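> A predicted structure for the sequence below; I have some questions about it.
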Amino acid sequence: MSSARPMLPAAPPLLVGAGLLLWGWQNGYLLYALAMALILEGARWIGWRWPVNDREFNNASDLSSVILIISVLYIFNEHGAKGIFTVLAIMPFVVFPLLLVQTFSLAGHVRLSALFMSLRKLDPARHPEAALPVDLTLPYFLVCFLAASAGNHTPDAFLAVAALLLAWLLWAIRPRRFPAGMWLPLVVLTLALGFGVQQGLVWLQYRVEGYTLEVMDRFLWRFRDPDLATTAIGSIGRIKLSDRIVLRIKTGAPLPGMLLLREAAYDTYVYGVWSNQKPPFTVIDPDVSRTRWELSREPSDATLAISTYMGKDAAVVPLPHGATAIRLVAATEITRNPLGAVKMEIRQGWVRYVADYNTRSPAADAPPTEKDLEISDSYREVFEDLATRLGLKGKDPAAAAAHVRAFFADGFTYSLAQRHRYPRGRYLAEFLNNTRSGHCEYFATSTVLLLRAAGIPARYALGYGIDEYSMLERQYIGRARHAHSWALAYVNGAWHALDTTPSVWAPEEAEQASTLQPLFDLWSWISYRLARTQAEEVAEAERDNTFMLWLLPPLLLALAWRLYFKERVARSRDARPGPVRGPGTDSELYAVVAALEKQGALRQPGESLHRWLLRRQKIFDGTPLAPALALHARYRFDPAGLNVAERRLLAEHAAALLQQLRRTADDRPIT
């Protein structure tokens, strides 16, 4: 070995051990980190050293490389793209054998050629850089530091400890010609600037992630993979999908509640990813007309005309639960897998097909297998404990499913924003026991695993939740942000949909829509109509294209007037035909709204009714404002509505609020 001075300075005494403890603390490996720190730092008081030659150093380096390659392949195969954090978290394990050999060698450092195979064949006489000595203690500390940041489950405490360790390192390697009185303020200033930059990067990350998700949704994630679905469970920041219209649904009658259109189902969950074993698709034979494909022999009692965009020749298509047939589509082939995903092979572009279904019939999927009861080790204890506390085990499946629905209806809220990071496998536990707030993927995944813990086979379903009616198109539409997930429970010998996400999720997401959305919708509708016309698939019930073109000038003028004055135009109750009038529009709470507006109260652009009334909490002191808002939200958005007693209670609460308004009208202004 060379006796030259190492390329890098050695880490200060005990710094490597401190870095290992920080890493172990942040990633749940504290016992391992403590043992590794004692071995490395204890070598300072142990005189044993071994003569290690270059070949043995090379072997130790190669061992670390092999461990890294095997780990990366396994982790990415199991966890997908999110495996990068797991790879970073185990790096101190991977590099430890090489640092251990250096620590107990007589040389106390390694040659640069041990780290790079390309340098091993070079002649040291002609290429002296290959024989340069390298002390690995400082790089290993930085590896531990990076691995700790990959866990970073306690951000504030981590930042404080990380700042102390960096200050310790900088103090040890500082130039001695500068006095400590000058060095210390500069370090404090640097750390403060670093904190400010870090906060700015976090803010930027939230924004970039939101825009990236929207771009990926628009161009890459348009088509459902029937075998793999990566959720946003564990993602930090606010999830925001685009308002782009991806589905159009024409019904013979108004929908009684939210319509679930399923695209795929999955049976295996590991660290935020749902998958299945790629069950084969089997061909469904059409009838003699080759325009009708039978999915079930159950009689149908409802029909939907669904329009969806096909960006490739074969893709899964959304269908309602209890679908019995697909018809009136020029498909080359239609196939189905045992988990209920239906794939259609047809030309690219907008495609329209008719789906017959039975509103009372469950999904005609294959019977459950062992996979439908499996819970991975990372989640089994959490969900089995919860199932025991709720008394679900041994209970009748129908009663247990109802109990699960009631559990998620009590105290859980819907939210697209997640601000905290937790240890791997703990996100669902935090959702169930602490935050009790999340989006549909949290609710659906937790419901599936809780049902399985109760002994009920369950699957995870993906698709869309449809309840938005377009007055422009006179049909229901599905946007990218209407993508939804729910559970399928095997009860009484059949698969039933179990959606435990709070029913207010669609209205809350609609509040985030852009003020320019009507203009975008108009352009989307024009593009859709032109595409349908070019494909010569305009249905007879649709309006004549010439008539619709004459409608465009007044519609554009009306939208320009609305956008110019930046006002939200209230939809007239008479504008929508009676049959498609939404439920809950006769709520007594609207009388309170009218009284407030008469007294001069103004709602901000984009402000929801809920937030507007809560902003005036002081006016309603001593009144049942919160219960009235809760009952109003259920009456307005929950498909189950209110019973007679709850309906009477809403009227009483609204009367109390009106009385309070009359009492305070002369005492305080309302703004």
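Looks like it arrived, so ask away. Fair warning: this is a prediction, and the values are worked out from it, not measured in the lab.
> Relative to residue 260, how far out is residue 252?
Applying C-beta to C-beta, to the nearest Å, the value for residue 252 to residue 260 is 18 Å. Just so you know, the C-beta spots here come from the backbone N, C-alpha and C atoms, and that holds for glycine as well.
> Looking at those two now, which is surrounded by more residues?
Neighbours per residue, other C-beta atoms under 10 Å: of residue 252 and residue 260, the larger number sits with residue 260, 19 against 8.
> what's near enough to touch the more buried one?
Neighbour list for residue 260: 320-321, 461, 463-466, 484, 486, 497, 499 [criterion: C-beta atoms under 8 Å, 6 or more residues apart in numbering].
> Which of those has the largest number of neighbours?
For the contacts of residue 260, neighbours were counted using other C-beta under 10 Å, and residue 461 has the most, 30 neighbours in all.
> so which helix or strand takes in that one?
Under the criterion of DSSP states H and E, residue 461 resides in strand 458-466.
> Can you give the strand pairings for that strand, parallel or anti for each?
Sheet pairing of strand 458-466 (DSSP bridges) gives strand 259-266 (antiparallel), strand 483-491 (antiparallel).
> Show the average pLDDT along that strand.
The average pLDDT within strand 458-466 is 94.
> Surely residue 487 and residue 500 touch.
Yes: if you go by C-beta atoms under 8 Å, residue 487 and residue 500 touch, sitting 7.0 Å apart.
> Quick check: neighbours shared by the two?
In contact with both residue 487 and residue 500: 444, 447, using C-beta under 8 Å, 6+ apart.
> For the closest residue to residue 29 other than its chain neighbours, pull up the helix or strand it's in.
Nearest residue to residue 29 in three dimensions, chain neighbours excluded: residue 23, at 7.0 Å (C-beta to C-beta, 6 or more residues apart in numbering). In this structure, residue 23 sits in helix 15-27 according to DSSP H and E.
> List the buried residues in that helix.
Residues of helix 15-27 classed as buried under the neighbour-count rule (16 or more other C-beta atoms under 10 Å) are 15-27.
> In CSV, list the residues you listed along with pLDDT and distance to residue 42.
Listed next are the buried residues of helix 15-27 as CSV, based on pLDDT from 0 to 100; distance: C-beta to C-beta, whole Å:
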residue, pLDDT, distance to residue 42
15, 89, 15
16, 89, 12
17, 90, 9
18, 90, 14
19, 89, 16
20, 91, 12
21, 91, 14
22, 88, 18
23, 88, 18
24, 89, 16
25, 88, 20
26, 84, 23
27, 83, 22
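> Surely residue 321 and residue 497 touch.
Yes: using C-beta under 8 Å, residue 321 is in contact with residue 497, at 5.4 Å.
> any shared contact partners between those two?
260, 363.
> hmm, back to that, neighbour-wise, which of residue 487 and residue 500 wins?
The neighbour count for residue 487 versus residue 500, taken as other C-beta under 10 Å, is higher for residue 487 (29 against 21).
> The closest residue in space to residue 465 that isn't next to it in sequence bridge partners, please.
The spatially closest residue to residue 465, leaving aside those adjacent along the chain, is residue 484, at 3.8 Å (C-beta to C-beta, 6+ apart). Applying DSSP bridges to residue 484 gives these bridge partners: residue 463.
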